[in-house]
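Enquirer: predicted model follows, preceded by the sequence.
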Amino acid sequence: MSTTVEYIRYRIALDDRKAFESAYAQAAESLAASPECVDYELSHCQEEPERYILRIRWTSVEDHLQGFRKGEHFPAFFRAIRPYVTSIEEMQHYLTTEVTGTGKAAGQEQR
C-alpha cells in the first residue's frame with residue numbers, strides 16, 4: 001500500500017515538554033480511531049531536547065485533509081494540541097518510496 005507520511009516538526013520549551021507529551025497522548029486517541037490514519041509516532045530529539053517530530057502515516061493526502069480534518073475525530077484531536085500549533089516549525093506531506101528495509105538489529109532486544 002502506498003501511503004502519505006506527514007511530518008510535523010515542533011520546538012517545545014523544556015518546561016512544556018511533559019504537558020506537550022500528555023496533550024499528544026490524548027490526541028493520539030483520535031488518531032487511533034481515525035480510519036484514515038495508518039499509524040503515528042511522536043519522537044523527541046536527544047541532541048536538542050526542545051525538538052520533536054510527529055510522524056503520521058495517512059492512507060492519502062486527500063483522506064487526511066478531506067476525511068480526517070473534516071471528520072468526527074478531528075475536533076478532539078485539535079482541541080488537545082491547539083496550545084502547541086504556534087510551536088510548529090514545519091508540517092509537510094511526503095510520499096513513500098520503495099526504499100525501505102530493516103537493519104540487522106531489527107527484532108533484537110533494545111537496552
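Expert: Looks like it arrived, so ask away.
Enquirer: use CA for all of it now, contacts and neighbours both
Expert: Fine.
Enquirer: isn't Glu6 up against Ile56?
Expert: Yes: at 5.1 Å, Glu6 counts as touching Ile56 under the criterion of CA atoms under 8 Å.
Enquirer: quick one: Lys18 from Val5, how far?
Expert: Going from Lys18 to Val5 by CA to CA, to the nearest Å gives 25 Å.
Enquirer: looking at these two, which one has more neighbours?
Expert: A count of neighbours by other CA atoms under 10 Å puts Val5 above the other of Lys18 and Val5, at 22 against 10.
Enquirer: who does that one bridge with?
Expert: Arg57, Tyr94 (DSSP bridges).
Enquirer: and the pLDDT at it?
Expert: What the model reports as pLDDT for Val5 is 97.
Enquirer: tell me who's in contact with it.
Expert: With contacts defined as CA atoms under 8 Å, 6 or more residues apart in numbering, Val5 is in contact with Arg55, Ile56, Arg57, Trp58, His93, Tyr94, Leu95, Thr96.
Enquirer: per-residue pLDDT, the residue nearest to the second one when sequence neighbours are not counted?
Expert: In this structure, Ile56 finds its nearest non-sequential neighbour in Tyr40, 4.2 Å apart by CA to CA, 6 or more residues apart in numbering. On pLDDT, Tyr40 comes in at 98.
Enquirer: my guess is Tyr40 meets Arg55, correct?
Expert: Yes: under the criterion of CA under 8 Å, Tyr40 makes contact with Arg55 at 5.4 Å.
Enquirer: need the helices for the protein, in chain order.
Expert: Assigned helices in the chain, in chain order: 17-33, 61-62, 74-81 (criterion: DSSP state H).
Enquirer: would CSV of those with distance to Glu50 and mean pLDDT be doable?
Expert: Listed next are those as CSV, based on distance: least, CA to CA, whole Å; pLDDT from 0 to 100:
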stretch, distance to Glu50, mean pLDDT
helix 17-33, 8, 98
helix 61-62, 28, 95
helix 74-81, 16, 98
